[in-house]
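Asks: How does the following fold in three dimensions:
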Amino acid sequence: MKHEIEKINNNYDVDTILNIWQESFPKLDEKRIKWSYDNNVTAKPFLFCLKTNDLKKNAIGLLTLFPRNFYLKGKQIPCGISGDFAIKKKYRSLGPAILLQKYLLANKTPYDIILGFPNKPAEKIQMRVGFKPIGKINLYIKPIKSSYVLKKIKKSYLAKPFSPVIDLFLKLRDFKHKHNQEIQIIQDPDKINTKFDKLLDSGKTNYSLIGERSYKYLHWRYFENPYKKYSLFAIEDKKTKKLLGYIIYMVHKDIAMIDDFLFNGLSKTFNDLFYNFTSFCQKNGYAAIYLHMFYNTKIDSFLKNNGFIKKITDQNILINNHDFISSYDNLFITKGDDDY
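Replies: Numbers count the residues shown, from 1 in each chain. Okay, the predicted model is just below:
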């Protein structure tokens, strides 16, 4: 069967989208379209709709290119994030899937590069049409309660009597760093303001590639998200009121999961930010801290120095224009850079 593809950049047909999503993304609904499509603060996403080339013109597949501004060595460049890739079960075969992904790369869009954070089936298709992996997402884990450690030990009942000792060790572990006492902690998302823009402006040249983290983007991306409940943890200098760094996280069961963070680039500030956040998590009874991000030599060192253990996941980050970035050693890509 032959197919045709329609490119849409506004006035998204909700019924058509939900009809295709219901088989691939049953948890997504009209709130996703309103938030991530209609109200996207960067620009309207490009939606590519695969249709049958007959009289009915039935919509059978979708692929979206979400706008995401990045800074390449401090210079802003427009990028796209591919996502919401779905094809109705009846038509799921290699042909339609490849056709849709090929059209994405062949079609003219304002984006210099396109990044993908695909699951394994989509990854194979994207790599087949020209996407290339730049590396895998790492999971950094910081245990902060003995309960988390004991879960990972076989016959943990034998070690349970030592849980007070383990808890004491985990508390004392972070005191090896000298900590700034002149720090104010901010947890109110409504206080996300232009200070966050200044933090990005001062730090965007620290990395070869980093996504936009303006206060308007952060507020929309995280605190207007209709599906996930995010919280803010930020530190600023008490005297100057200058923002030093922030962490955006959500809590799943007893795990504090960091989706995004940024700091002024100084190791001392990094230590202060994560020390205070760890103390906050301990007081709230969380068992561990998780952080998913792309490997960065400097950040990796800071995290290890702060008690994080690294695990390499099987999720690749893909890029369509592999030669556009000269080096992948100093990228700053977190879980929050994905489209959802």
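Asks: Please enumerate the helices of the stretch 201-340 of the chain.
Replies: Under the criterion DSSP state H, counting those that start in this stretch, the stretch 201-340 of the chain carries helices at the ranges 215-218, 267-283, 297-305.
Asks: Make JSON lines out of these and add distance to Ile255 and mean pLDDT.
Replies: All C-beta atoms are positioned from the backbone trio N, CA, C, and that covers glycine. Compiled in JSON lines, these are given as follows (distance: least, C-beta to C-beta, whole Å; pLDDT from 0 to 100):
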{"stretch": "helix 215-218", "distance to Ile255": "22", "mean pLDDT": "96"}
{"stretch": "helix 267-283", "distance to Ile255": "9", "mean pLDDT": "94"}
{"stretch": "helix 297-305", "distance to Ile255": "16", "mean pLDDT": "94"}
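Asks: so which of those comes closest to Tyr91?
Replies: For these, distance to Tyr91 was read as C-beta to C-beta. The smallest value, 35.5 Å, belongs to helix 215-218.
Asks: From the contact counts, what lies against that closest one?
Replies: Using 3 or more C-beta pairs under 8 Å, 6 or more residues apart in numbering; DSSP states H and E, the elements in contact with helix 215-218 are helix 194-203.
Asks: Just the residues contacting the helix it packs on, thanks.
Replies: Contacts to helix 194-203, defined as C-beta atoms under 8 Å, 6 or more residues apart in numbering, come from residues 210, 212-215, 218, 236, 241-246, 262-265.
Asks: One more: stretch 90-105?
Replies: Stretch 90-105 has contacts (C-beta under 8 Å, 6+ apart) with 3, 5, 48, 50, 60-61, 63, 65, 82, 85, 87, 114, 125-126, 128-131, 320.
Asks: The residues you listed in strands, which ones?
Replies: Counting by DSSP state E, the part of those found in strands is 3, 5, 48, 50, 60-61, 63, 65, 82, 85, 87, 114.
Asks: Pick out the most distant pair among these.
Replies: Set against one another by C-beta to C-beta, the ones in strands among the contacts of stretch 90-105 have their most distant pair in Ile60 and Ile114, with a gap of 22.6 Å.
Asks: picking up where we left off before, dump the helices of the stretch 201-340 of the chain to a markdown table, plus distance to Ile312.
Replies: Output for the helices of the stretch 201-340 of the chain, formatted as a markdown table (distance: least, C-beta to C-beta, whole Å):
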| stretch | distance to Ile312 |
| --- | --- |
| helix 215-218 | 28 |
| helix 267-283 | 21 |
| helix 297-305 | 11 |
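Asks: so which of these gets nearest Ile183?
Replies: Using C-beta to C-beta, the nearest of these to Ile183 is helix 267-283, at 6.1 Å.
Asks: re the thing from before, can you flag the buried ones in the contacts of stretch 90-105?
Replies: Judged by neighbour count, with 16 or more other C-beta atoms under 10 Å as the criterion, the buried members of the contacts of stretch 90-105 are 3, 5, 48, 50, 60-61, 63, 65, 82, 85, 87, 114, 125-126, 129-131, 320.
Asks: Determine the number of other residues adjacent to Gln184.
Replies: Each residue near Gln184 was counted by other C-beta atoms under 10 Å, and the total is 13.
Asks: just Asp337 next, same as before
Replies: Under the criterion other C-beta under 10 Å, the count of neighbours that Asp337 has is 25.
Asks: What's the local residue count around the closest residue to it other than its chain neighbours?
Replies: Distances taken as C-beta to C-beta, 6 or more residues apart in numbering place Gly211 nearest to Asp337, at 4.9 Å, with adjacent residues excluded. The burial metric for Gly211, expressed as a neighbour count using other C-beta under 10 Å, is 23.
Asks: Point to the helix or strand of the chain where mean pLDDT is at its lowest.
Replies: Least confident helix or strand of the chain, by mean pLDDT, DSSP states H and E, is helix 163-172 with a mean of 63.
Asks: how does the protein divide up, domain by domain?
Replies: The domain map for the chain lists 3-130, 138-314+321-337, with the assignment taken from automatic domain parsing.
Asks: Centre of the chain to the first one, how far?
Replies: Here domain 3-130 is found 18 Å from its chain centre; the criterion is C-alpha atoms, centre = their mean, to the nearest Å.
Asks: so what's the nearest residue to Gly336 once chain neighbours are set aside bridging to?
Replies: Residue nearest to Gly336 in three dimensions, not counting chain neighbours: Asp260, with 3.6 Å by C-beta to C-beta, 6+ apart. Beta-bridge pairing for Asp260 (DSSP bridges): Ile248.
Asks: Mind telling me which of the domains of the chain the model trusts least?
Replies: Ranked by mean pLDDT, the domains of the chain end with domain 138-314+321-337 at the bottom, a mean of 88.
Asks: can you give me the strands in the chain?
Replies: For the chain, the strands defined by DSSP E cover 3-8, 46-52, 59-72, 75-87, 113-116, 132-143, 183-186, 209-211, 231-237, 243-252, 255-263, 288-294, 309-319, 331-332.
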